[in-house]
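Enquirer: Got a sequence here, can you build the structure:
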Amino acid sequence: MSGAGKTSAVVIGASGGIGAAFEAALIDEGAFDIVHGLARSRAGAQHLDLLDEASIAAAAAHVAEGPPPTLVIVATGLLHTDDHGPEKALRDLDPEWLAKLYAVNAIGPALVAKHFLPIMPRSGRAVFAALSARVGSIGDNRLGGWHGYRASKAALNMLVRNLAIEERRRNDRAIVVALHPGTVDTALSRPFQGNVQAGRLFDPERAALQLLDVIEGLKVPDSGKLFDFEGEEVPF
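Expert: As a prediction, this is how the structure comes out:
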């Protein structure tokens, strides 16, 4: 592996609103020698499709050729499409839609971890963070609905806890966390912004900076947990 003494950061989902803001902020801050922005819509070495494990493996292999990543952020998620919104009631459940939500929100990030955690350093501080959501918290669920999104994010939270336990055996300074960005003004939340409290709808740039501050403040005992944009732990 080349680039001894140097480090890199990886943003997966870099073509999305928050992902692009993460990539821009990390480049602007200049704390990493290389910032890899990966996305399904990008070509060549920057291509990564969460639904295609071969592309995830290829992207990880490319990143591994350079400085090891000490920060990997999975900034992806699916809540709705143009022809399918989140379920409001049990009668709206659809197996194909449920499978797609799990594929994007839980299985994809898990496969990213499968291929990227092994190329992160075996010693010293390293952070693997995946965007989750407060609505994925079982303990915090008081409204119901949005069955597939809630359940797939809850599955992601459990995977994060599992990954944190396993990664600690490889690197006892590693931190694996889920992050809740709040409601961000992106295509994901746009149809549902009407009920957001004043001052609680964040532009992507602010959301990314808030979460980077949270990441910077994380300690090893925080691994395996879910934190919101203010650094407060959210119950699973």
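Enquirer: Pull out the buried residues from whichever helix in the chain runs longest.
Expert: What stands out as the longest helix in the chain, according to DSSP state H, is helix 147-170. Neighbour-count burial for helix 147-170, counted by 16 or more other CB atoms under 10 Å, picks out 147-157, 159-161, 163-164, 167-168. C-beta here means a position set from N, CA and C on the backbone, and glycine is covered the same way.
Enquirer: after it, next one along is what?
Expert: strand 174-180 (DSSP states H and E).
Enquirer: now the angle between helix 147-170 and that following strand, please.
Expert: 160 degrees (axes from the mean of the first three to the mean of the last three CA atoms, to 10 degrees).
Enquirer: and the helix or strand following strand 174-180, what does it pack onto?
Expert: Sequence order places strand 183-184 as the next helix or strand after strand 174-180, per DSSP H and E. Judged by 3 or more CB pairs under 8 Å, 6 or more residues apart in numbering; DSSP states H and E, strand 183-184 is in contact with strand 201-202.
Enquirer: what do you get if the cut-off is 6 Å, keeping everything else the same?
Expert: Using 3 or more CB pairs under 6 Å, 6 or more residues apart in numbering; DSSP states H and E, no helix or strand is in contact with strand 183-184.
Enquirer: in its sheet, what does that strand sit against?
Expert: Strand 183-184 pairs in its sheet with strand 201-202 (parallel), by DSSP bridges.
Enquirer: Skipping adjacent residues, who's closest to the most centrally placed residue in the chain in space?
Expert: When CA atoms, centre = their mean is applied to the chain, the residue found nearest the centroid is residue 130 (2.4 Å). Leaving aside its sequence neighbours, residue 130 sits nearest to residue 74 (CB to CB, 6 or more residues apart in numbering; 4.1 Å).
Enquirer: That neighbour contacts residue 14, correct?
Expert: No: taking contacts as CB atoms under 6 Å, residue 74 lies outside contact range of residue 14: 10.7 Å.
Enquirer: Can you list the low-confidence ranges for the protein?
Expert: 1-4, 186-201 (pLDDT under 70).
Enquirer: Let me see the ranges of the strands in it.
Expert: Along the chain, counting by DSSP state E, strands occupy 8-12, 34-38, 69-74, 126-131, 174-180, 183-184, 201-202, 226-228, 233-234.
Enquirer: Ok, which of those strands comes nearest residue 46?
Expert: The closest of the strands of the chain to residue 46 is strand 34-38. By CB to CB, the value is 5.5 Å.
Enquirer: Good, wrapping up.
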